[in-house]
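Colleague: Fold the following, please.
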Amino acid sequence: MMVDSSEPFTRATLKAAIDNRFGTDARFFTCSAENLTADELIAFLAQRGKFIDTDGGFTTAQEKICQH
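Modeller: Predicted coordinates for the structure are as follows:
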């Protein structure tokens, strides 16, 4: 979703986009974590260095995404 977006996100706008697309009760899984809320997912991705800072927020890139 972030890779396809041409606009940067803030934590708040990313949370809103996730809630809008997947619903507020959605849970997320990564290769090393499970049952994450949107807020927990955002914190997890930030901690793992998956975001690229830009003016006005952050983006990500395909090479930042695990392929396993």
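Colleague: So residue 3 is in contact with residue 60, correct?
Modeller: Yes. Assessed by Cβ atoms under 8 Å, residue 3 is found in contact with residue 60 at 6.2 Å. Glycine gets a C-beta too; all of them are placed from N, C-alpha and C.
Colleague: So for these two, which sits in the more crowded spot?
Modeller: residue 60 (19 against 11; other Cβ atoms under 10 Å).
Colleague: So for this protein, the centremost residue is which one?
Modeller: residue 42 (5.0 Å; Cα atoms, centre = their mean).
Colleague: now the helices: where do they sit in the protein?
Modeller: 11-22, 38-47 (DSSP state H).
Colleague: Quick check: mean pLDDT of the shortest one?
Modeller: Over the span of helix 38-47, the pLDDT mean works out to 95.
Colleague: Need the contact partners of it.
Modeller: Residues outside helix 38-47 that contact it (Cβ atoms under 8 Å, 6 or more residues apart in numbering) are 11, 14-15, 18-19, 22, 24, 26, 28, 30, 33, 36, 51, 60.
Colleague: Most neighbours among the residues you listed, which one is it?
Modeller: Busiest of these [other Cβ under 10 Å] is residue 14, holding 24 neighbours.
Colleague: What sits closest to that one if chain neighbours are left out?
Modeller: Ranked by Cβ to Cβ, 6 or more residues apart in numbering and with sequence neighbours excluded, the top spatial neighbour of residue 14 is residue 42, at 5.8 Å.
Colleague: what pLDDT does residue 17 get?
Modeller: The model reports residue 17 with a pLDDT of 96.
Colleague: so it touches residue 10, yeah?
Modeller: No. Contact criterion Cβ under 8 Å: residue 17 and residue 10 do not qualify, at 10.4 Å.
Colleague: Have a look at the two and say which one is more surrounded.
Modeller: Taking neighbours as other Cβ under 10 Å, residue 17 and residue 10 compare with residue 17 leading, 16 against 11.
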